[in-house]
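Participant: attaching a predicted model along with its sequence, questions to come.
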Amino acid sequence: GNSVTQMEGPVTLSEEAFLTINCTYTATGYPSLFWYVQYPGEGLQLLLKATKADDKGSNKGFEATYRKETTSFHLEKGSVQVSDSAVYFCALSASGGSYIPTFGRGTSLIVHP
Amino acid sequence: DAGITQSPRHKVTETGTPVTLRCHQTENHRYMYWYRQDPGHGLRLIHYSYGVKDTDKGEVSDGYSVSRSKTEDFLLTLESATSSQTSVYFCAIRSETGLNTEAFFGQGTRLTVV
């Protein structure tokens, strides 16, 4: 079946530091890949997506590249802000799983001033 | 805003009582999902629906049932609530336009079973 594995947190950084959150996946078919963000007390919001190999998704300074050869979709940001503190979820949707969204366990990011 | 409303937003109930959570969408999407979110487990699929009266089980469906009598409403019922069902419940809809298969989420329902 489909699955997503992401690094455990919490990830604690100082403001303006570089962020990487690792994500790898297993999927049947050709998945689309997503990163979602969840702020305290809220639902998940789509942060970025990529629908085919070598695509780069980007939004609000965050980027992730769909790497089929390594089955990875790592999230990066060059300079984090305190307001980026949240939980980040890597996810996929694939034809082999009836496009049911499948999520990783989430990674908590804490950014200190 | 994907037009998803969950109700109630918070609920405290006693063990053994039935509980129904409601998810309402205004976008006329065919696919709807119920997840629960627990620390260390991320989001786990409870049940999903692919149309009116068409539903199927997810990975953690025991103790839960669902109904979808109208496109816009997807109900999750705990027939006899247990403390292990204390969780935050999220409803989601899925876009199905071409390659746009991302999910959109409601604000969640925090359920406490005492």
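Facilitator: Yes, it's here.
Participant: quick one, what contacts residue A:37?
Facilitator: A:44-45, A:47, A:86-89 (C-beta atoms under 8 Å, 6 or more residues apart in numbering or on different chains). For the C-beta atoms, the positions are set from N, CA and C on the backbone; glycine is no exception.
Participant: helix or strand for it, which one?
Facilitator: strand A:32-38 (DSSP states H and E).
Participant: state the mean pLDDT of the stretch of helix or strand residue B:77 belongs to.
Facilitator: If you go by DSSP H and E, residue B:77 is part of strand B:73-78. Averaging pLDDT along strand B:73-78 gives 98.
Participant: off-centre distance for it?
Facilitator: In terms of C-alpha atoms, centre = their mean, to the nearest Å, the centre of strand B:73-78 is found 6 Å from the chain centre.
Participant: which residues of chain B lie near chain A?
Facilitator: B:31, B:33, B:35, B:40-43, B:45, B:48, B:50, B:58, B:90, B:92, B:94, B:96, B:99, B:101-108 (C-beta under 8 Å from any C-beta of the partner chain).
Participant: quick one: the strands in chain B?
Facilitator: B:4-7, B:10-13, B:19-25, B:31-38, B:42-51, B:54-57, B:64-70, B:73-78, B:87-94, B:103-105, B:109-113 (DSSP state E).
Participant: turn the ones you listed into a markdown table, including mean neighbour count.
Facilitator: Putting the strands of chain B into a markdown table (neighbours: other C-beta atoms under 10 Å in any protein chain shown) gives the following:
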| stretch | mean neighbour count |
| --- | --- |
| strand B:4-7 | 18 |
| strand B:10-13 | 13 |
| strand B:19-25 | 19 |
| strand B:31-38 | 23 |
| strand B:42-51 | 20 |
| strand B:54-57 | 14 |
| strand B:64-70 | 16 |
| strand B:73-78 | 19 |
| strand B:87-94 | 23 |
| strand B:103-105 | 23 |
| strand B:109-113 | 18 |
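Participant: which of the contacts of residue A:37 are close to chain B?
Facilitator: A:44-45, A:89.
Participant: which one of the residues you listed is nearest to residue B:7?
Facilitator: Comparing these against residue B:7 with C-beta to C-beta places residue A:44 closest, at 18.3 Å.
Participant: that closest one is in contact with residue A:34, isn't it?
Facilitator: No - between residue A:44 and residue A:34 there is no contact under C-beta atoms under 8 Å: 9.6 Å.
Participant: quick one, what contacts the residue nearest to the spatial centre of chain B?
Facilitator: With distances taken as C-alpha atoms, centre = their mean, residue B:34 lies nearest the centre of chain B, 2.7 Å away. Contact partners of residue B:34, counting by C-beta under 8 Å, 6+ apart, are B:21, B:23, B:45-48, B:58, B:64, B:66, B:74, B:76, B:89-91.
Participant: distance of it from residue A:52?
Facilitator: Residue B:34 sits 29 Å away from residue A:52, going by C-beta to C-beta, to the nearest Å.
Participant: now tabulate the contacts of residue A:37 in JSON lines and tack on pLDDT, neighbour count and secondary structure.
Facilitator: Shown next, in JSON lines, are the contacts of residue A:37 (pLDDT from 0 to 100; neighbours: other C-beta atoms under 10 Å in any protein chain shown; DSSP: H, G, I helix; E, B strand; the rest coil):
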{"residue": "A:44", "pLDDT": "94", "neighbour count": "29", "secondary structure": "strand"}
{"residue": "A:45", "pLDDT": "95", "neighbour count": "13", "secondary structure": "strand"}
{"residue": "A:47", "pLDDT": "97", "neighbour count": "20", "secondary structure": "strand"}
{"residue": "A:86", "pLDDT": "97", "neighbour count": "21", "secondary structure": "strand"}
{"residue": "A:87", "pLDDT": "96", "neighbour count": "19", "secondary structure": "strand"}
{"residue": "A:88", "pLDDT": "97", "neighbour count": "25", "secondary structure": "strand"}
{"residue": "A:89", "pLDDT": "97", "neighbour count": "26", "secondary structure": "strand"}
